[in-house]
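Colleague: next input, structure requested:
(one chain, ligands or ions: 1)
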Amino acid sequence: MASRLQSTLPPIALPLTSFFSRLIPLPSVLGTSISVAEVFGHLSFILMAVSYTLDDLLSLRVLATAGSLSMTVFTFFHPHGRVLWLPFRWNCLFIFINAIQITKLLVDEIRASRLTDSEKEVRERFLSDMEGADYARLLNICERVDYEKGAVVMRQGDENEFMSLVTEGEIACVVDGVETYKLNDGNFVAEAALHAGAKVRGSVKSSATLVTTKPTSVYKMHRGQLIDLLEANKSLKKSLQNALSWDIVQKLKSQRHRLETSEHVSENTRKWTGRRNLQTGERYVALLEAMIGDSPTISAEEKSVVDKYRHIHVIDDRRHTDALARCGWTEKEYEEGCKAGDAAASEEHAILAGQSRW
Ligand SMILES: Nc1ncnc2c1ncn2[C@@H]1O[C@@H]2COP(=O)(O)O[C@H]2[C@H]1O
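Modeller: Numbers count the residues shown, from 1 in each chain. Here you go, the predicted structure:
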């Protein structure tokens, strides 16, 4: 065996041939003997099999790499006496790919382990579903901003490109001079229908003036950067959408609570409700404007986001038609996904719609 190996192996490997072709005696039930190279062959498949049972990505990749490494040894010192170059080269490629991915995972783990105490606390309190590495990636695009009490965070009607998470403090939301809501720690600000899956990268008109009523801190992130990050990280997207969904539930519940308990509101319930309704309509218009922009078409995917948003926020047909009119669209145009009178866009839209059916 050793002599056959020696005849095909690259000269550099020749000193190792006697080791890998050495026979190890086995208990009689398993057969007579096994070579060291074959031990690596079996080990490779055992490691691969175990790796498939693991959920933890890092451990899975480490074991898969060890499996591929064992396979390269087996194919290089193959008992038939010839190097099996085809599986050898493929396994080298698998090792290379896994090594890159393992490095990325390790970098993420290191990043996650270097969080400050206050960053860790924010994760534990408001983003506990988020993996440490995903949270670290999110922090990369976040800027912490601290406001004094009484600071104006944004004004009603301002174009705003940022989404924020309040990590501490309190912010009053004022619409046409009437306070409609108070944002507290854990609330998202200007989430622009992200909870419904909208990918609004640009600016959205603010539906309220936001004024801090206590010293307040937020994590502020650019919406475009956030959406790019979410598109590249499915697990981050899922956990952030979870957090946003809970935020919506919390906001709706606390609005009801506020309506029932606050003296200030009960004195002016009609006025408050009127402003809230107005604000809901304005936010819907702002969302449609941001999604449609100047484009003469709206895709089926965008429409399904709009439908989801309407369902969550109970936007009835009248409000929907009014909002469309404010954006310069008719109900019919919206249903068809294309503005009338724009022949080129209409043709292109029909082609794309036809393609998507395939
Ligand atoms: N009544 C309210 N209920 C919940 N959140 C609000 C309210 N008013 C304002 N906000 C938040 O303040 C943000 C102001 O900008 P947006 O309209 O983009 O999004 C708004 C919400 O995130």
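Colleague: where exactly do the strands run in the stretch 1-150 of the chain?
Modeller: With DSSP state E, counting those that start in this stretch, the ranges of strands along the stretch 1-150 of the chain come out as 23-25, 33-35, 142-147.
Colleague: from the contact counts, what lies against the second one?
Modeller: In this case it means strand 33-35. On a contact count with 3 or more CB pairs under 8 Å, 6 or more residues apart in numbering; DSSP states H and E, strand 33-35 meets strand 23-25. Yep, even glycine has a C-beta here, placed from its N, CA and C like the rest.
Colleague: in its sheet, which strands sit next to the strand it packs on, and in what direction?
Modeller: strand 33-35 (antiparallel) (DSSP bridges).
Colleague: what residues does the partner strand touch?
Modeller: For strand 33-35, contacts defined as CB atoms under 8 Å, 6 or more residues apart in numbering pick out 1, 20, 21, 22, 23, 24, 25, 26, 42, 79.
Colleague: again, only this time at 10 Å
Modeller: 1, 19-26, 41-42, 74, 77-79 (CB atoms under 10 Å, 6 or more residues apart in numbering).
Colleague: need the max-distance pair from those residues.
Modeller: Farthest pair in the contacts of strand 33-35 (CB to CB) is 25 and 78. Separation: 20.7 Å.
Colleague: which of the two has more residues huddled nearby?
Modeller: residue 78 (22 against 9; other CB atoms under 10 Å).
Colleague: gap between the closest residue in space to the more buried one that isn't next to it in sequence and residue 131?
Modeller: Excluding the flanking residues, the one nearest residue 78 by CB to CB, 6 or more residues apart in numbering is residue 84, at 5.2 Å. Residue 84 is 39 Å from residue 131, where distance means CB to CB, to the nearest Å.
Colleague: quick one on the thing from earlier: worst average pLDDT in the strands of the stretch 1-150 of the chain?
Modeller: When the strands of the stretch 1-150 of the chain are ranked by mean pLDDT, strand 23-25 comes last with a mean of 83.
Colleague: and that one, how far from the chain's centre?
Modeller: 52 Å (CA atoms, centre = their mean, to the nearest Å).
Colleague: returning to that earlier point: tell me which of the strands of the stretch 1-150 of the chain sits nearest to the ligand.
Modeller: Evaluated over those, closeness to the ligand peaks at strand 142-147, with 14.1 Å, by CB to the nearest ligand atom.
Colleague: list the neighbouring strands of that closest one plus their orientation.
Modeller: Using DSSP bridges, the strands paired with strand 142-147 are strand 216-222 (antiparallel).
Colleague: quickly find the element holding the closest residue to the ligand within the stretch 251-358 of the chain.
Modeller: Taking CB to the nearest ligand atom, the ligand has its nearest neighbour within the stretch 251-358 of the chain at residue 251, 4.5 Å off. In the assignment (DSSP states H and E), residue 251 maps to helix 234-261.
Colleague: hmm, back to that, contacts only, for the residue of the stretch 251-358 of the chain closest to the ligand.
Modeller: 181, 183, 184, 187, 188, 191.
Colleague: among those, which two are most distant?
Modeller: It's 184 and 191 that sit farthest apart of the contacts of residue 251, by CB to CB, at 14.9 Å.
Colleague: who's more crowded, these two?
Modeller: residue 191 (22 against 16).
Colleague: tell me the secondary structure at the more buried one.
Modeller: What DSSP: H, G, I helix; E, B strand; the rest coil gives for residue 191 is coil.
Colleague: centre-most residue in the protein?
Modeller: residue 237 (2.1 Å; CA atoms, centre = their mean).
Colleague: hang on, that residue packs against residue 228?
Modeller: No: counting by CB atoms under 10 Å, residue 237 does not reach residue 228; the two are 11.2 Å apart.
Colleague: ok, residue 290 - how many residues close by?
Modeller: 20.
Colleague: can you pull the contacts of it?
Modeller: 159, 192, 193, 198, 200, 201, 202, 203, 204, 205, 223, 327.
Colleague: hmm, back to that, turn the contacts of residue 251 into TSV, columns for pLDDT.
Modeller: Output for the contacts of residue 251, formatted as TSV (pLDDT from 0 to 100):
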residue	pLDDT
181	91
183	95
184	94
187	96
188	97
191	90
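Colleague: quickly list the domain ranges of the protein.
Modeller: Per automatic domain parsing, the structural domains of the chain span 2-110, 117-276, 294-358.
Colleague: ok, and which of these has the densest surroundings?
Modeller: By mean neighbour count, with neighbours taken as mean count of other CB atoms under 10 Å, domain 117-276 ranks first of the domains of the chain at a mean of 17.
Colleague: for that domain, the distance to its chain's centre please.
Modeller: That offset, for domain 117-276, works out to 17 Å (CA atoms, centre = their mean).
Colleague: quick one on the thing from earlier: the nearest residue to the residue nearest to the centre of the chain once chain neighbours are set aside in helix, strand or coil?
Modeller: In space, and not counting its chain neighbours, residue 237 is closest to residue 230: 4.1 Å by CB to CB, 6+ apart. For residue 230, the secondary structure call by three-state DSSP comes out as helix.
Colleague: is it true that residue 230 touches residue 138?
Modeller: Yes: applying CB under 10 Å as the test, residue 230 and residue 138 come out as touching, 9.2 Å apart.
Colleague: before we move on, the earlier item: any idea how far the residue nearest to residue 78 lies from residue 16?
Modeller: 16 Å.
Colleague: circling back: could the contacts of residue 251 be laid out in CSV, adding distance to the ligand and secondary structure?
Modeller: Below are the contacts of residue 251 laid out as CSV (distance: CB to the nearest ligand atom, whole Å; DSSP: H, G, I helix; E, B strand; the rest coil):
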residue, distance to the ligand, secondary structure
181, 3, strand
183, 6, strand
184, 11, strand
187, 7, coil
188, 6, strand
191, 6, coil
